[in-house]
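> sequence and predicted structure are below.
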Amino acid sequence: MTRLIVFILALFALPATAQDRRPSHCIALADAAPGMAYVQRASFGTPLPDHTVRLSFAGHATFVIETPGGLVAATDYTGFIGPTARLPDVVTMNNAHETHFTAFPDPDIPHVLQGWADRTGAPADHHVDLGEMLVRNVPTDVRGFDRATVRPNGNSIFVFEVAGLCIGHLGHLHHEPTLEQYAALGRLDVVMAPVDGGLTLDLSTMIRVLTRLRSSVVIPMHWFGQSSLERFLAGISDAFAVERPGTSSLEVSLRSLPSRPTVVVLQPRGVRDPDL
């Protein structure tokens, strides 16, 4: 009887939102639904339909991810996500580089996830269940600051499982993932990929990674000037469709993923488009 009472109390102790997350298929592969109506003009904070996620490109490698229930996540958080007073519920910082993290995050942010190894050399290991969203990471190595050595587990690919979608942020990726890392990532429906062509991966290797992942939506990031972006688009256009909606945000759901892998170019104008 005591065990039964403890079990019942444990059920009531679970947060209500813990049962609200639509199961993702990151590890179990699934066919994407057809349709191209996944890009919509919207601004930060606008209510979202059920099972729909908004991604906003704040610039460089920082994205804001919003859920229908009001959760906000920020990637490669440097302390600023745009003209809003809303603090994120969770921030990820993939690499210990000044344009990819802050040493002084607001103490009111509930979850601050560091993507690099700690002082003992132990890799970052995150599995944060926020109810409507699950955030986890896959560590990868990076080149040393002298570019001749390797810093083990110096970066993390963060995966956000939300609304049935698997959304991946490759961070400051310096090498193609190993077979084990690909397996740990699973199926990514949406991926934010650095396409600078040198500071992270060279373009041919990055395109090989994205072709292997075969995500439904690829969002370029970490590009410096239009010329570097155009070189990436030219290299990947044979295998992927290219869309240029002219906005900094898109809304995406599992049902509205494109049937053909598509690169969606978002403009890094901050969280709010000036023309909305």
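It's in. None of the values given here were measured: they were computed from a predicted structure.

> tell me the phi and psi of residue 207?
Reported as degrees, to the nearest 10, the phi and psi values for residue 207 are phi -60, psi -40.

> shaky segments in the stretch 151-276 of the chain?
Within the stretch 151-276 of the chain, the segments meeting pLDDT under 70 span 269-276.

> now do the helices in the stretch 51-200 of the chain.
Applying DSSP state H, counting those that start in this stretch to the stretch 51-200 of the chain gives helices spanning 179-185.

> strands of the stretch 101-250 of the chain, residue ranges please.
Defined through DSSP state E, counting those that start in this stretch, the strands belonging to the stretch 101-250 of the chain, from first to last, are 111-114, 127-129, 133-143, 150-162, 165-169, 190-194, 217-221, 241-243, 249-253.

> run the chain-centre distance for the first one.
With Cα atoms, centre = their mean, to the nearest Å as the basis, strand 111-114 stands 14 Å off its chain's centre.

> cool, the fifth one as well?
Between the mean C-alpha location of strand 165-169 and the chain-wide mean there is a distance of 5 Å, by Cα atoms, centre = their mean.

> before we move on, the earlier item: right, and the strands of the stretch 101-250 of the chain - which one's nearest residue 55?
Using Cβ to Cβ as the measure, strand 249-253 is the one of these that comes nearest residue 55, at 5.6 Å. The C-beta positions use only the backbone N, C-alpha and C, and glycine is treated the same way.

> strand 190-194 and the closest one, what's the angle between them?
Direction vectors for strand 249-253 and strand 190-194, defined by axes from the mean of the first three to the mean of the last three Cα atoms, to 10 degrees, enclose an angle of 140 degrees.

> and the gap between residue 248 and residue 237?
Counting by Cβ to Cβ, to the nearest Å, the separation of residue 248 from residue 237 is 22 Å.

> comparing the two, which shows the higher neighbour count?
Taking neighbours as other Cβ atoms under 10 Å, residue 248 and residue 237 compare with residue 248 leading, 26 against 11.

> my guess is the more buried one meets residue 267, correct?
Yes. With contacts defined as Cβ atoms under 8 Å, residue 248 counts as touching residue 267 at a distance of 5.0 Å.

> can you pull the contacts of residue 266?
With contact taken as Cβ atoms under 8 Å, 6 or more residues apart in numbering, residue 266 is in contact with 55-57, 219-220, 245, 247-250.

> ok, 10 Å please
With contacts defined as Cβ atoms under 10 Å, 6 or more residues apart in numbering, residue 266 is in contact with 39, 55-59, 63, 192, 219-221, 243-250, 273.

> which of the helices or strands spans it?
When secondary structure is defined using DSSP states H and E, no element contains residue 266, which sits outside every helix and strand.

> no further queries at this time; thank you.
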